[in-house]
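Chemist: Attaching a predicted model along with its sequence, questions to come.
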Amino acid sequence: MPNINNYSVSVVKFTVPEATAVSGTQASALLTIIPNPGYTATASDFSLSGGYSDAAVDTVVFSQAGLNVSCLVTFAVGFVMPSDNYEIGLCVTGDATVLSIALTVIVNASVASNITGDGNEVNTIYGVTGSLGDTTTVFARTYTADSGFQLNPSASLVIGNQSNYNLIQTPTYNVNNNLTSITYTVNYTFPNFNVSGDSWNFVINSVAERLPEPVEVTSYSLLPEIVSGEGVNINWNVFGEPGATYSASMTDGVTVVPIATGSVIGASGSTGQLIKFPEYTGIGANTWVITLTGDLSVPFGSLNPVSVNQYRDVDITVTASSTDGVVGFIPFTETLPALQNYLDPATGVSTVSNSIVWRLSAPVGSTITPLGLPTYFNLDKNIDLNALVDGSVTNSPTLDVDSITVNGVTGFDTSSLAIGDRFNVNPTPTTLGQAPFEYIITAINSTTNISVSPNITILDDSDITFFRTNGNIVDIQNASFNIIDNQTIDLNFDFVVNRTGDLSKIFSLDLDTVVSTAVLPVPAACDTAAASGASGIFDSFVDLDPAGGVIAFLFNAQGVPDKMEIIHGNASGFKKATSSMLVNNNYGPFDNTFGTEPSNTLPTSGQVFAADQFIGNSKGAIPTKQAEFNADTGLTISSMTRGAITYQQIVWWNYTAADYAENTTATIRVTGSPNTLWESFRVCTFV
């Protein structure tokens with residue numbers, strides 16, 4: 001199909017036998033003229049050009065066929081098909097013409113008061129025409145705010161193809177950067193078809209003109225809640241609009257420290273200042289009040305004035321005490337900033353830990369044995385002391401309390417409290433025991449009444465926990481004993497600081513809850529009561545005969561079970577004889593768990609019943625072993641009574657000269673179970 005100018009023409013082909021009249025086979029041919037997009041074809045605009053002739057053509061007729069034009073070619077009757085192909089070319093004059101496209105659009109405009117220029121419109125119709133691809137302006141609107149007002153406009157195509165439109169906005173701003181006028185120009189690019197029913201909406205509101213805001217100081221960077229008493233410099237940033245000015249100073253009620261005078265906010269929106277906190281040597285908190293003045297915004301974005309508390313570094317000391325005369329502890333002091341948390345939130349492990357070794361020694365003439373590894377409960381930290389408020393008070397210097405609880409036991413009076421005990425009202429579980437504290441006991445007035453400072457307001461039955469730690473929270477971890485000998489023990493532990501308080505604190509470890517002391521073994525005289533005792537470990541000794549011999553003791557454990565052992569040498573030597581609930585166990589087997597070096601573990605009331613070596617009436621009938629003693633030694637103990645005491649069992653060792661050569665003494669050790677009493681008697685005369 002050939003394209004000619006702005007239309008195209010169809011081609012018709014058919015077959016006619018050679019030497020045959022064309023009109024007899026095909027009387028005519030129908031061609032179609034098709035206009036290009038954006039054009040229209042009209043039959044009257046087309047004709048054969050003048051002088052055209054072709055032997056095969058009789059007539060050519062043009063007629064309208066909808067948007068196209070039909071061209072009917074009738075063949076001459078006498079034209080015979082030659083021996084070769086025959087092509088008929090028509091010479092046609094005429095053109096398709098440009099198609100005119102129409103647009104109809106509706107405009108609605110809602111225009112507020114205080115606006116001049118174009119006003120309100122309701123369904124205003126605008127029509128324009130054009131050709132495919134042409135762009136034309138459909139309409140333009142200008143809106144101008146009256147003096148003292150600014151525009152708040154919007155424009156939107158409600159119905160229509162947005163790609164065909166181009167909205168051009170031409171705004172005008174005044175010196176205050178307020179929109180005072182705007183022109184909307186709507187241009188349209190025509191498609192290849194007519195469009196009607198498109199719709200535009202304009203909403204033009206006015207508001208009072210926004211005046212330039214003054215330059216202001218708006219806020220400042222965070223300040224620490226506390227600073228060290230050693231004196232410290234803090235970098236402080238003040239924020240605001242460039243050009244705003246400010247001054248700042250701080251005071252603790254006595255000293256005034258200038259920070260800034262007539263400072264100006266820089267182009268970046270902030271200015272840095274250096275706050276110099278001087279050294280503080282007082283006790284407790286020194287409160288600095290920082291005040292900012294100048295071009296401050298209202299409201300101001302930060303607290304003004306703001307307080308910063310200054311504390312001296314606190315000394316946290318661990319030492320020890322002993323009413324039993326244990327010595328060898330060396331006080332250790334850690335100096336740290338006040339009110340700091342040293343627990344790693346991810347691991348719960350403190351970053352402040354010090355390994356301490358105390359070589360503890362018993363008093364002269366005594367032995368020392370471990371009782372139990374220390375924990376923070378063994379420190380004179382804060383006793384677990386609680387009370388309930390008995391009656392609401394308002395701004396009162398005194399307070400009635402009852403239901404005072406010490407270590408979980410209720411029924412104590414104010415004698416359990418002490419002047420200097422500190423507390424907070426309604427602390428959260430996470431801040432319980434942490435400094436700073438709001439109140440301190442200043443006097444104990446009666447068994448139910450205390451004085452506090454400052455005056456307090458609190459409700460009846462409020463719960464109070466009192467503390468003596470000044471908010472320092474410590475721990476003892478990884479404790480262990482290393483027994484050097486029966487008079488010396490190394491106590492190893494880590495002294496851990498989890499949090500510092502606001503004042504220094506000395507923590508004292510009660511060594512009498514950690515180790516016990518006993519008088520060194522005493523000689524056991526012949527045919528006398530060798531010793532009597534209670535719970536714990538008691539040692540006596542016997543010098544051996546170079547020729548050998550027999551050591552024999554009568555033992556009375558009474559009702560609660562106890563154990564007697566004969567040890568060759570000192571308490572760390574070799575066990576040779578033991579008490580036992582079994583008849584033939586004088587020479588063992590031995591209990592090496594309780595009362596045995598180096599651990600010297602003491603049994604509980606229940607554990608003595610599982611060990612045969614502990615005898616006592618509460619375990620049943622106790623064999624005296626008189627017959628067994630006679631069979632082993634050839635000696636006789638006919639009576640178990642000495643003086644007013646009838647003893648329960650014989651414990652003996654038949655030793656030799658060779659034993660004497662190895663060690664010349666024997667230790668007689670009694671391990672007493674809890675809440676017990678016992679007696680022993682050394683027998684040297686056998687009858």
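Modeler: Looks like it arrived, so ask away.

Chemist: my read: residue 479 touches residue 376, true?
Modeler: No: look at residue 479 against residue 376 with CB atoms under 8 Å: they stay out of range, at 10.3 Å. Heads up, the C-betas are built off the backbone N, CA and C, glycines and all.

Chemist: What segments of the stretch 451-600 of the chain are strands?
Modeler: Using DSSP state E, counting those that start in this stretch, the strands of the stretch 451-600 of the chain run over 463-466, 473-485, 488-499, 505-510, 515-519, 522-523, 528-543, 548-556, 562-568, 574-578.

Chemist: Turn those strands into TSV, columns for mean neighbour count, mean pLDDT and distance to residue 592.
Modeler: Output for the strands of the stretch 451-600 of the chain, formatted as TSV (neighbours: other CB atoms under 10 Å; pLDDT from 0 to 100; distance: least, CB to CB, whole Å):
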stretch	mean neighbour count	mean pLDDT	distance to residue 592
strand 463-466	18	90	46
strand 473-485	16	94	15
strand 488-499	19	96	20
strand 505-510	18	93	30
strand 515-519	19	82	20
strand 522-523	14	86	25
strand 528-543	19	88	14
strand 548-556	21	97	19
strand 562-568	25	97	10
strand 574-578	21	97	8
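
Chemist: Please name whichever of these is nearest to residue 41.
Modeler: strand 488-499 (96.9 Å; CB to CB).

Chemist: What helices and strands are in contact with that closest one?
Modeler: Secondary-structure packing of strand 488-499 (3 or more CB pairs under 8 Å, 6 or more residues apart in numbering; DSSP states H and E): strand 332-336, strand 352-361, strand 366-370, strand 473-485.

Chemist: Nearest to residue 90 among those strands would be which one?
Modeler: strand 352-361 (108.8 Å).

Chemist: Pull out the buried residues from that closest one.
Modeler: 352-353, 356, 358, 360-361 (16 or more other CB atoms under 10 Å).

Chemist: so how far is residue 500 from the residue nearest to residue 331 when sequence neighbours are not counted?
Modeler: Nearest residue to residue 331, sequence neighbours excluded (CB to CB, 6 or more residues apart in numbering): residue 319, at 3.9 Å. In this view, residue 319 and residue 500 are 18 Å apart by CB to CB, to the nearest Å.

Chemist: For the two, indicate the residue with more neighbours.
Modeler: Using other CB atoms under 10 Å, the more surrounded residue of residue 319 and residue 500 is residue 500, with 29 against 16.

Chemist: could you pull out the strands for the stretch 51-200 of the chain?
Modeler: 57-65, 68-75, 92-93, 97-98, 101-111, 115-117, 121-130, 135-145, 149-159, 165-173, 179-189, 195-208.

Chemist: helix/strand/coil for residue 632?
Modeler: helix (DSSP: H, G, I helix; E, B strand; the rest coil).

Chemist: quick one: pLDDT of it?
Modeler: Residue 632 is assigned a pLDDT of 96 by the prediction.

Chemist: Starting from residue 296, give me the distance back to it.
Modeler: 102 Å.

Chemist: that older thread, what's the helix or strand harbouring the residue nearest to residue 331 packed up against?
Modeler: Counting by DSSP states H and E, the element that carries residue 319 is strand 314-321. Counting contacts by 3+ CB pairs under 8 Å, 6+ apart, the secondary-structure elements packed against strand 314-321 are strand 332-336, strand 505-510.

Chemist: before we move on, the earlier item: out of the helices and strands packed on strand 488-499, the one nearest residue 562 is which?
Modeler: strand 366-370 (16.3 Å).

Chemist: what sits against the residue nearest to residue 274 when sequence neighbours are not counted?
Modeler: Spatially, and ignoring its direct neighbours in sequence, residue 274 is nearest to residue 233 (5.7 Å; CB to CB, 6+ apart). Shown in contact with residue 233 (CB atoms under 8 Å, 6 or more residues apart in numbering): 274-277.

Chemist: now the lengthiest strand in the chain against strand 562-568, angle please.
Modeler: Taking DSSP state E as the criterion, the chain has its longest strand at strand 665-683. Here strand 665-683 points in a direction 130 degrees away from that of strand 562-568 (axes from the mean of the first three to the mean of the last three CA atoms, to 10 degrees).

Chemist: Tell me the buried residues in strand 665-683?
Modeler: Counting neighbours by 16+ other CB under 10 Å, the buried set in strand 665-683 is 665-673, 676, 678-683.

Chemist: Kindly report the same for stretch 275-286.
Modeler: 275, 277, 280, 285-286.

Chemist: do stretch 113-132 as well
Modeler: In terms of neighbour count (16+ other CB under 10 Å), stretch 113-132 has its buried residues at 114-115, 118, 121, 128, 130, 132.

Chemist: nearest to residue 106, of the residues you listed?
Modeler: Nearest to residue 106 among these, with distances taken as CB to CB, is residue 121, at 9.3 Å.
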